[in-house]
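>>> Sequence plus the predicted model coming up.
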Amino acid sequence: MQAIQAAAHATEILAAASAGAAASRRAEHVPAAAALVALTAIHGADAAIVAHLPTTTDPLSPTLYPFVYADGAAVLASIAIPAGLTVAASVAPARRARVVVLVATVWALASLALAIPYPSPSVRGTALQELYLRGDLAGLFVSMVTLILWARQRTSPTTSHVIAIGLMALDIGILIVPYSPWRTGLLAGRWDVVQVGCILFFAAFTAWQVWLWRSASRSTSS
Amino acid sequence: MAICIAVNVFLGLALLVVGTCWLLDRRGQQRTREKTERIVETLSGELEALRAEYAVPGSLQPATLPPAPRGLGRRVVAVTRDDAPEHTRATVVAPAPPDGRESPGAWPAWEQDTPSGVTVVSDEGPWRLRYAALMAEAEDLGLEVFHCGSSACGPKRHSICGCSCKPCVRATDLFVRSRIRPDRPS
């Protein structure tokens, strides 16, 4: 594993851990913590899954199909979670369970739609990359519309909104940086530019969440 | 080179996130201030009316009204006769009623503003005027009012007790959502 990749994973884990700590003292941060923990777990699992897959766009042997299915589901989950977080942070807590069910259903259906046709060329190589990109743009669209609707209420953002906006910005950054894998190819693109973004954003999340945790601690003890 | 550009792009986006959140927070606070000014104005008049009705000068001071909690996005009016765990951090807005009676249940005051911005008020005894005023205020400001639907809350069912009936759950949701942060004074 490259050093930059290891650093990106480490900062993501730190962000998830600090989110959990912040959420333990601030209920408003629970959606953000759940999203960051889920993203970290999925990225970790996907790294293990991808290690079993050869870097080729050719059809793989049937014994590797479960890994292909799991990889597709993991990528779609990492697309769905930031959008789900934005919606969950913007609705009343009683409706959050519905949001989770809705996001999980959409994710499960999309994962099935991606897995069933394999090894059709429509879900491999360039076509797969386009599908992922469409999914990512759809997730960004959902996040954007949700935030605009929420902002019309003129309420102050919760800490979960801040993380949701941060994840959205990270996603946009990954789309627009030079040599983005979204544009140059998932197999041919440069992932180091993505990992730089992950390190910067997750380190910032970590620092801010530690501050949230400490400030909540001080107010409790005083 | 690509890494340098990527760092700049991500740093720029991070600054954009901070700026956006700051602007949204500022807008939310401005709205809170506007709403609070109207509410305090209304409350001041009501306190005068209460003072006149119970003829104990100085027992209810408008000056005791707390400042608007920072981050209050919406004000939720709930009516209760019960004590409930989620209200234990309530801030007393006004002293005990002038005739020395305790408020129903274990409450020492006729009205409490919880840290979430939920206003809890009884509809009984001397508190009925405040209840009526709050209902009128809620109507004027388009605020949400919740009345418990559980029979456990009493025959009139005018309370938010924190039970699992729909109005209580909704009020509790907004209680959490309005997310007053006591560690961030206004």
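On my side now, so go ahead.
>>> what kind of secondary structure is A:Pro54 in?
Applying DSSP: H, G, I helix; E, B strand; the rest coil to A:Pro54 yields a three-state assignment of coil.
>>> For A:Leu128, which non-adjacent residue is closest in space?
Excluding its sequence neighbours, the residue lying closest to A:Leu128 (C-beta to C-beta, 6 or more residues apart in numbering or on different chains) is A:Leu186, at 7.4 Å. Bear in mind the C-beta positions are built from the backbone N, C-alpha and C, glycine included.
>>> distance of that neighbour from chain B?
17 Å (C-beta to the nearest C-beta, to the nearest Å).
>>> neighbours of that residue, just the number please.
17 (other C-beta atoms under 10 Å in any protein chain shown).
>>> for chain B, what helix or strand is lowest in average pLDDT?
strand B:91-92 (a mean of 28; mean pLDDT, DSSP states H and E).
>>> Kindly apply the preceding question to chain A instead.
helix A:181-184 (a mean of 78).
>>> The helix or strand just after it - what's its average pLDDT?
Where DSSP states H and E defines the elements, the next helix or strand beyond helix A:181-184 is helix A:191-221. Helix A:191-221 comes out with an average pLDDT of 84.
>>> Say whether chain B is contacted by helix A:191-221.
Yes. Using C-beta under 8 Å from any C-beta of the partner chain, helix A:191-221 reaches chain B at A:Asp192, A:Val193, A:Val196, A:Gly197, A:Leu200, A:Phe201, A:Ala204, A:Ser215, A:Ala216, A:Arg218, A:Ser219.
>>> And for stretch A:137-155?
Yes. Contact of stretch A:137-155 with chain B (C-beta under 8 Å from any C-beta) involves A:Ala151, A:Gln153, A:Arg154, A:Thr155.
>>> Contacts only, for the residue lying closest to the first one once chain neighbours are set aside.
Closest residue to A:Ala151 in three dimensions, ignoring its sequence neighbours and counting by C-beta to C-beta, 6+ apart: B:Leu24, at 6.2 Å. In this structure, B:Leu24 makes contact with A:Ala151, A:Ser156, A:Pro157, A:His161, judged by C-beta atoms under 8 Å, 6 or more residues apart in numbering or on different chains.
>>> Tell me where the model's unsure across chain B.
B:35-186 (pLDDT under 70).
>>> Any stretches of chain A with poor pLDDT?
Checking chain A against pLDDT under 70 turns up A:1, A:57, A:187-189, A:217-222.
>>> That one: helices as residue ranges?
Ranges of helices within chain A are A:3-25, A:30-50, A:65-90, A:93-115, A:125-151, A:159-176, A:181-184, A:191-221, based on DSSP state H.
>>> I'd like to check which residues are in contact with the nearest residue to A:Gln2 once chain neighbours are set aside.
Leaving aside its sequence neighbours, A:Gln2 sits nearest to A:Asp192 (C-beta to C-beta, 6+ apart; 7.5 Å). Contact partners of A:Asp192, counting by C-beta under 8 Å, 6+ apart, are A:Gln2, A:Ile4, B:Ala2, B:Ile3.
>>> Find the residue closest to A:Ile172 in space, skipping its chain neighbours.
Per C-beta to C-beta, 6+ apart, closest to A:Ile172 is B:Leu13, 6.5 Å.
>>> Next up, the contacts around the one you found.
With contacts defined as C-beta under 8 Å, 6+ apart, B:Leu13 is in contact with A:Ala169, A:Leu170, A:Ile172, A:Gly173.
>>> What about the residues you listed, which one has the most neighbours?
Ranked by neighbours (other C-beta under 10 Å), the contacts of B:Leu13 are led by A:Gly173, which has 25 neighbours.
>>> wait, isn't that residue in contact with B:Asn8?
No. The pair A:Gly173 / B:Asn8 is not scored as a contact, 10.3 Å apart, by C-beta atoms under 8 Å.
>>> Contact residues of chain A facing chain B?
A:26-28, A:92-94, A:151, A:153-158, A:161-162, A:165-166, A:169-170, A:172-173, A:176-179, A:190, A:192-193, A:196-197, A:200-201, A:204, A:215-216, A:218-219.
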